[in-house]
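>>> Below: sequence and its predicted model.
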Amino acid sequence: MPRYNPAQIEPKWQAYWEENQTFRAPDLPGDEKLYVLDMFPYPSGDGLHVGHPEGYTATDIVCRFERMRGKSVLHPMGFDAFGLPAEEHAIKTNTPPRESTERNVATFRRQLKMLGFSYDWSRELSTTDVDYFRWTQWIFLLLFDTWYDTQQRRGRPISELPIPAEVQDEGEEAVRHYQNDFRLAFQSDALVNWCSKLGTVLANEEVIDGKSERGGYPVTRLPLRQWMLRITEYADRLEQDLELVNWSDSIKAMQREWIGRSTGAEVDFLIGDPAGEAAWREARAAAGFPRKPGDDVLRIYTTRPDTLYGATYMVIAPEHPFVERLTTAAQQSSVTEYCQQAAAKSDLDRTDLGKEKTGVFTGSFAINPVNGQPVPIWIADYVLISYGTGAIMAVPAHDTRDFEFAQQFEIPIICVVEPAEHEQLDAIRRGEVCLAGSGTAVNSGQYDGMTTGEFKTRIAADLRAQGLGQEAVNYKLRDWLFSRQRFWGEPFPILHELDDAGQPTGHLKPVDACDLPVDLPYLEDYKPHGRPEPPLGKAPDEWLYPVIDGKKYRRETNTMPQWAGSCWYYLRFIDPKNDQAFVDPEKEKAWMPVDLYVGGAEHAVLHLLYARFWHKVLFDRGYVSTPEPFARLINQGMILGEIEFTGFVAEDGSAVSVTNVTRDAEGRQVHKKTGAELTGIKLAADQVEKKGDSFVRKDDASIRVNSRAHKMSKSRGNVVNPDQIVTDYGADSLRLYEMFMGPLEAPKPWSMAGVNGVRNFLDRVWRMIVDANSETAILNPAVKDVDPTEEQSRVLHKTIKAVTHDFETIGFNTAISRMMEFVNYFTREATRPRSAMEQLVLLLAPMAPHICEELWKILGHDQTLAYAAWPTFDEALTQDATIEVPVQVLGKLRGKVTVAADISRDDLLAAAKSLENIQPWLDGKQIVKEIVVPGRLVNFVVR
RNA sequence: GCCAGAGUGGCGGAAUUGGCAGACGCGCUGGAUUCAAAAUCCAGUUGCCUUAACGGCAGUGAGGGUUCGAGUCCCUCCUCUGGUACCA
């Protein structure tokens, strides 16, 4: 075996690992456990993408590294195979979903094995396995059985829900209804996001800019009875517990933003008879702020109670229950028209037209509780019924949206906050410019002169004392719409009781845990039809209408969304074969939490928020031991296509500089001045050159071109296929290249030349150790059983130290650089100590396991190196005996002095001062200051 | 608009967190080897000025500041990427 041949080595070692179960994790860990998890893929029909191996290689390196350091490592892999994408693929290829899913899983499994990841494959699972989703259904039943105790701030069994006496008195039926109102899984008639193209409703999180996240199809609002999960009850804990985890700030920020906690106050404005104001105030002062507002007040939510004196109008959402009552006869027709228009608008329209504010006056007034002034009440769709109380006080002087609206409808603008310093202070005072920030109160009666912060605290206390308001917290997070009208998902383990006439009684019966799983029935036609009735409604009667204890039921025909299975798979990996529980408590306690979780940032809100929610419910109910599932999260950056140069040409073929290109309203690329449509053309690297900060055409340097890397996509034709890379360069080269490209978390452009570069490095490693001229696999004659020289030792120990540090901090690109330096050094050495070669093989093994196993064997070992001891270093040997210290004059480098590493401060200073090329810079000058940083530098400040 | 993150050679990227900017790789140039090529090995490679050799000046998106010393810290601005968008 003279030359490095990955095509031969790699399958051989993959077979070895599989036969010997090399990476099988123990049921319970030893002294130190490490649970490293990849976000499992959904097995698309396209097979693995080069983005997948990036994160998977990173976790694999960590696992292999830590195994060599003696840790018990759990590193599993599975497939997220239920849901829309899998079903869409099945429909497209006209295959039953289970069949096409299994085929895709097989492809993914083959590709993952081909890359040599050290997964414990005995734990493989798919969310579509009946034995798996049996427990997904079980957890759903747990959610159904749980209510959230806001006092204790935790989920509790529904049997422990206190039932008010008056409900108790009404009988069993009333109690049941009361309980249903508190369950974490509940049914609700609400306006939902309906996507007829996908034939299902979608969660808020799955709708982006009024279009479906998957497919980009239009989404409309439709009232439908749907299953919801009360994730909002956990909003504060989901937000606060972000403190407990080691995640990137940006992901935490995205979750925080999605949860959208805001603090402020609720305030009641009297809308009843103004003559009764005094009596109302008296009653309120005595009784305090009521939990639910009466019909005589309009309750608003504001984050700026300090601007109450500047409220010049109020707005209620078009869907607000008071619309009818507040509308005067004179305004009736315009209000009706406006509300109908608002209702007809889809979410997309509402945001699209968001630039121009619309609204209509009701004709009614409310009374401002702080000054008794009447305030006109408007209806406008910029106020959302689903947030806060669906009503606001508008303070145009200090809120940009209110300001816009007030300008449009010529409503007075009263400044009540003055900034400390502002260029347009006078304009702000006159209400001509909006100030959204904080400052000092003016025109606010007794509160004048207070800072915004003081004012907020004071007014909250005063309002509370008068029973007119109270502090309040609001979240943007909405309850999670959990049902889908599709076939390919987990059936709900819920039965609807039917009466003798076959009509639903409204009574829900959860399927007994011992009767789980509820499997999917066989359906001839499972395809969505664009109407809200689920396809499971066409299931055979034996499935659809079970009879239990003589009672007839109809099964729930909705299915769970794609996210259900991925909410708890990390727990099942710990105990994948258990048929008594979703996970054994002892094993759960031993392995959780996940120590390192790696995946794409596209799951920043959806998956990670949902999984954390389920985990907290399981935690509250005593089934898991940690409050958070994922202790550390790293998002790998996206791998982009190769850098492309794009030039623009007009219709007549003339080149146009990129500085003159813009996009018109329809998104077409047009000339900035003439508006003529332009075409982008791909230019080869040798057609362009760098000029200043940008690239220009070689044939005309005045024409600037675009240079950037794009997302890989089929339509762009820049997709890199991992199979091809493995064939051409080998799996180790692919792994190594993806780690060498740059920091794990950064987005990086692909470069074929770069793959060739790391392959070159592996060739050099091979030749450093193996005799490339021999027919058989024997050591390079330069490798000898000798002790390393002192210099060789220093190189070795420095490398061990640096690589170990880089592995600990996930700095894989620099770790590779260090090993390249090692190889560059030792290939120049005529004698290469075998021990040093062995140490390098161990260092490189986590990254390029196949070649290293082979080299390890050639170096005379008959066991896998997967559990060989990680190399250690001697700190003393990582320092050089002599060091070169830069010498500066006035901060500029003027010379270098070579001295002993442990030189004293004074000796270093003396050596620097006597340096020959320093003298001219010191001559005739006075040394004002001498800066000596031992081991680092000397700097003379002269005058 | 708002919130994150990032701007360093022809390219991907280093820089122990305030201490020699450009490690390592790609590409390019030259050389060795070869009948020739591939492969391999060696040397060079930020720009400008200058030298026989040395050396000097500038330089990390732009401008300002702090410091003996700034890619790194502070202020203002520009560009790009991702997220988000009437959430009161």
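That came through, no problem.
>>> elements contacting whichever strand or helix holds A:Ser793?
Using DSSP states H and E, A:Ser793 sits within helix A:790-808. On a contact count with 3 or more Cβ pairs under 8 Å, 6 or more residues apart in numbering; DSSP states H and E, helix A:790-808 meets helix A:51-68, helix A:812-827, helix A:834-844. Every C-beta, even on glycine, is put in place using the N, C-alpha and C of the backbone.
>>> can you redo these as CSV with mean pLDDT?
As requested, the helices and strands packed on helix A:790-808 are exported to CSV (pLDDT from 0 to 100):
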stretch, mean pLDDT
helix A:51-68, 96
helix A:812-827, 95
helix A:834-844, 96
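>>> Please name whichever of these is nearest to RNA strand B.
Minimum separation from RNA strand B across the helices and strands packed on helix A:790-808 (Cβ to the nearest atom of the strand) falls at helix A:812-827, 3.6 Å.
>>> in the closest one, what counts as buried?
A:812-813, A:815-816, A:818-820, A:822-823, A:826 (16 or more other Cβ atoms under 10 Å).
>>> Make JSON lines out of the helices and strands packed on helix A:790-808 and add distance to A:Pro321.
Below are the helices and strands packed on helix A:790-808 laid out as JSON lines (distance: least, Cβ to Cβ, whole Å):
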{"stretch": "helix A:51-68", "distance to A:Pro321": "49"}
{"stretch": "helix A:812-827", "distance to A:Pro321": "58"}
{"stretch": "helix A:834-844", "distance to A:Pro321": "69"}
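>>> Tabulate these in JSON lines, adding columns for distance to RNA strand B.
As requested, the helices and strands packed on helix A:790-808 are exported to JSON lines (distance: least, Cβ to the nearest atom of the strand, whole Å):
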{"stretch": "helix A:51-68", "distance to RNA strand B": "13"}
{"stretch": "helix A:812-827", "distance to RNA strand B": "4"}
{"stretch": "helix A:834-844", "distance to RNA strand B": "13"}
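>>> and A:Lys714, which of these is closest to it?
Within the helices and strands packed on helix A:790-808, the stretch nearest A:Lys714 is helix A:51-68; the backing value is 14.0 Å (Cβ to Cβ).
>>> Report the inter-axis angle for that closest one versus helix A:790-808.
Using axes from the mean of the first three to the mean of the last three Cα atoms, to 10 degrees, the inter-axis angle of helix A:51-68 relative to helix A:790-808 is 120 degrees.
>>> how about helix A:51-68: buried residues?
Buried, per 16+ other Cβ under 10 Å, within helix A:51-68: A:51-68.
>>> Then stretch A:496-510?
So for stretch A:496-510, counting by 16+ other Cβ under 10 Å, buried means A:496-498, A:507-508, A:510.
>>> Please give the centre-to-centre distance between that stretch and its chain.
Centroid separation for stretch A:496-510 versus its chain: 41 Å, with Cα atoms, centre = their mean, to the nearest Å.
>>> just stretch A:380-394 next, same as before
Distance of stretch A:380-394 from its chain centroid, counting by Cα atoms, centre = their mean, is 29 Å.
>>> Show residues contacting that stretch.
Taking contacts as Cβ atoms under 8 Å, 6 or more residues apart in numbering, the residues outside stretch A:380-394 that touch it are A:266-267, A:269, A:293, A:298-302, A:308, A:311-320, A:322, A:342, A:345, A:350, A:354, A:357-360, A:368, A:375, A:378, A:401-402, A:405-406, A:411, A:474, A:476, A:478.
>>> all strands in the stretch 401-550 of chain A, in order from the N-terminus.
With DSSP state E, counting those that start in this stretch as the criterion, the stretch 401-550 of chain A has strands at A:417-418, A:440-441, A:469-474, A:480-481, A:494-498, A:504-510, A:547-548.
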